[in-house]
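# A structural model of the following input is requested.
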Amino acid sequence: MPGIDKLPVEETLEDSPQTRSLLGVFEEDAAAVSSYTSQLYNAMQRIYNAQNELSTATHLTSKLLKEYKQQRFPLGGDDEVMTSTLQQFAQVIDELSSCHAVLSTQLADAMMFPITQFKEKHLKEMLTLNEVFAIASHDHDLAINKYSRLSKRRENEKIKMEVTEDLYTSRKKQHQTMMHYFSALNMLQYKKKIALLEPLLGYMQAQINFFKMGSEHMTQQLEEFLTNIGTSVQGVRREMETEQDLMHQTIQDLEVASDSLYLPDPDTKLFNVNRNLTRKTGYMNTRNKTRLVSSTWERHYYFTQGGNLMRQARGDVAGGLVTDLDNCTVMAVDCDDRRYCFQITAFDGKKSVIIQAESKKECEEWISTINNISRRIYLSENPEELAARVNQTALEAVTPSPSFQQRHDSSIKPSVHNRARPPPTNSPSSVGSESPALSAISLDSIVAPDTPIQFDIISPVSEDLSNLAKTSGSRRTNPFGESGEPKTQDSEESILHQLFIVRFLGSMEVKTEESSDVIYETMRQILAARAIHNIFRMTESHLLITCDSLKLIDPQTQVTRLRFPLHNVVLCATHKENRRLYGFVLHTGGSRTEGRSLSVCYVFESNNEGEKICDSVGLAKQIALQSQMDRQTTDKQKELDREKQRQLKELDKQKQIEKDLEEQSRLIAASSRPNPASGEGQFVALGNNSQSEDSDTADDGKTKKKESEA
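Numbers count the residues shown, from 1 in each chain. As a prediction, this is how the structure comes out:
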């Protein structure tokens, strides 16, 4: 280290101007050292505070990572992989926190302690000596000035002695203070170098020790773990970028597509109304009556859920039920203070609600959606397709079926009375087939124009039952639909029992039973009439198919509503497009007024496909036909057995008569012969004759028996 300049302590007593100038230089250097040391101390203090903060923050981070598995995030779910990964990070960061705590302690001992001691002790000591030296120098100047003003003429020993002693004391004090001050300034040149180098050395040693501890914790397993985590993070980043691009594209598409939706009341001519919906959501206003004449409107978010209409206010957790839409009625209504209003009335008519839509298009779509839900179209597999077919049928209901008219115009119409009537079919395989004979028949020859339609099930008071009631006299008719007739053995022992859930749509009289087109046309007219008259309520029943009849049973009371004898069902078919619709034609005995036979077509809707019901009806007819054939064969065999028994009885009777005649002949012959001399011989002779006659009779009987058997 190069030589260090120092103040001459020997010249402190002389106190020359050169010494004072050199002292000024040393004092300036001490002031610069003090200023620089204060700045360096502040920087090192920031390092130390930052290290303490880093240690505390690292420990807090490790603690929070350990508590991640106890958190319940609404969208996070139970991510075991994320939890285990964060636990491993928590362990590593906890070890790093310990290393940071050790580093903080080393920085406090090796860096902050030396520079703090230099700043607080040595520099303050220099300041104190500087102040003491200034006071001593000032006192010495005053003493010299006072001593110099002593007069030669008036000499006072006492004053002289005091001034001299004062000068002696002040000079001694200045000299001693100056020596210590010079010595402290000289030592400052060494101390400043120590104070600058020792904290830096401690800082570097602490950092090296920290790095060594980190390298000890950084194992190969930890490096692999960090590499895998880095790869996973890059994969998540790529997914995020892809999703971000997709979201940007989606936002742009939605902005373009939603431009027309910003209009509060779009024109229905430009924007078509979707009438095939079975689910819908949106904000609407509800009217609440406050008094007899006044009312308030509240805005809610409405949505359909199955067969229910729900609403939810903004801020609510869940929605509440407004009304049940099954079998309800809905119609547009006129309100004095609002536009685009419609009213929903429950199926029992006891509850109604008035709602306002935002536009005419929304109002019509809500009415169509509620109508579709009221018909329970939402229960089908493809509700929108079924709703489209039903609405199309309702729109075409005011005109005759074009298929019949086209076939009528394109084919040559033969004489209906002269052509032979084909046998009716009841097989499900005839569904969808067109009869060539029916193609020449007009629509009026299938269904009469003014034929009434029955939309509900009434008590089965048919013509046959009324006539039977007249003849039976006191027998009562069951008001719940049961005929009251005793169950037959066939119905009790039927090998076929199939149950289907059905809903009655309607029935009407038809004029022909020749083709399934009759059922198709009946379905069209019944659905059209229901749509025109807003009839959406349907009676649900259980259809029981047995080998002798079809029964409609009340699902709650298990009472038979209607019973159709199986032999009267002459035709059964399903709808060409909607397979859940099916119907059958029932041929009844006759009309009460005209006395002619009737053909009535019944139309139902089922939860299953109608083809299954038609297959069951066909199977029941086959089983019934086979059972009838078996009964006829059994009856014929019984008749043959009875005839054989009768013949055997006649043969036995004839044999008995012959035997009686032979016995009488023997008695007559025996009475006409003379008596022998010996009684014993007579006995023997009679015995021999009797045996011979019996043997002859037995031979004759065997011969006749063989002849009869032959």
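# For Ala110, see how far away Tyr266 is.
For residue 266 the amino acid is Pro, not Tyr. Counting by Cβ to Cβ, to the nearest Å, the gap from Pro266 to Ala110 is 79 Å. Just so you know, the C-beta spots here come from the backbone N, C-alpha and C atoms, and that holds for glycine as well.
# Please say which of these two ends up with more neighbours.
Shown here are Pro266 and Ala110; by other Cβ atoms under 10 Å, Ala110 has more neighbours (19 against 15).
# I'd guessed that one sits against Gln205; true?
Yes: between Ala110 and Gln205 there is a contact under Cβ atoms under 8 Å: 6.0 Å.
# ok, Lys192 touching Ala31?
No: using Cβ under 8 Å, Lys192 is not in contact with Ala31; the gap is 12.0 Å.
# what about these two, which has more around it?
Just comparing Lys192 and Ala31: by other Cβ under 10 Å the higher neighbour count belongs to Lys192, 20 against 14.
# The residue lying closest to that one once chain neighbours are set aside: helix or strand, and which one exactly?
Nearest residue to Lys192, sequence neighbours excluded (Cβ to Cβ, 6 or more residues apart in numbering): Val33, at 4.8 Å. Here Val33, judged by DSSP states H and E, is contained in helix 17-66.
# Quick one: mean pLDDT over that helix.
Averaging pLDDT along helix 17-66 gives 90.
# tell me which residues in the next helix or strand after that helix are buried?
Sequence-wise, the next helix or strand downstream of helix 17-66 (DSSP H and E) is helix 80-107. Neighbour counts over helix 80-107 (16 or more other Cβ atoms under 10 Å) mark 85-86, 89-90, 92-101, 103-104, 106-107 as buried.
# other SSEs contacting helix 80-107?
Secondary-structure packing of helix 80-107 (3 or more Cβ pairs under 8 Å, 6 or more residues apart in numbering; DSSP states H and E): helix 17-66, helix 157-217, helix 220-257.
# Generate JSON lines for those helices, with distance to Glu663 as supplementary columns.
Formatted as JSON lines, the helices and strands packed on helix 80-107 follow (distance: least, Cβ to Cβ, whole Å):
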{"stretch": "helix 17-66", "distance to Glu663": "125"}
{"stretch": "helix 157-217", "distance to Glu663": "135"}
{"stretch": "helix 220-257", "distance to Glu663": "118"}
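# To Gln628, which of those lies closest?
With Cβ to Cβ as the criterion, Gln628 lies closest to helix 220-257 of the helices and strands packed on helix 80-107, at 66.6 Å.
# could you say what helices and strands the closest one packs with?
Contacts defined by 3+ Cβ pairs under 8 Å, 6+ apart place helix 220-257 against helix 80-107.
# Any idea how far the helix it packs on is from the middle of the chain?
43 Å (Cα atoms, centre = their mean, to the nearest Å).
# swap in stretch 103-121?
With Cα atoms, centre = their mean, you get 67 Å for stretch 103-121.
# CA-only coordinates of that stretch, as CSV, when you get a sec.
Taking C-alpha atoms only, stretch 103-121 is exported to CSV below (Å, rounded to 0.1, in the frame of the first residue of the first chain):
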residue,chain,number,x,y,z
LEU,A,103,-27.4,-14.7,4.2
SER,A,104,-29.2,-12.0,6.1
THR,A,105,-27.4,-12.9,9.3
GLN,A,106,-24.0,-12.9,7.5
LEU,A,107,-24.6,-9.6,5.9
ALA,A,108,-25.5,-8.1,9.3
ASP,A,109,-22.3,-9.4,10.9
ALA,A,110,-19.8,-9.0,8.0
MET,A,111,-21.0,-6.0,6.1
MET,A,112,-23.2,-3.8,8.2
PHE,A,113,-21.3,-4.0,11.5
PRO,A,114,-17.9,-2.6,10.2
ILE,A,115,-19.3,0.3,8.3
THR,A,116,-21.8,1.1,11.1
GLN,A,117,-19.0,1.1,13.6
PHE,A,118,-16.8,3.4,11.4
LYS,A,119,-19.7,5.7,10.8
GLU,A,120,-21.1,5.9,14.3
LYS,A,121,-17.8,5.7,16.3
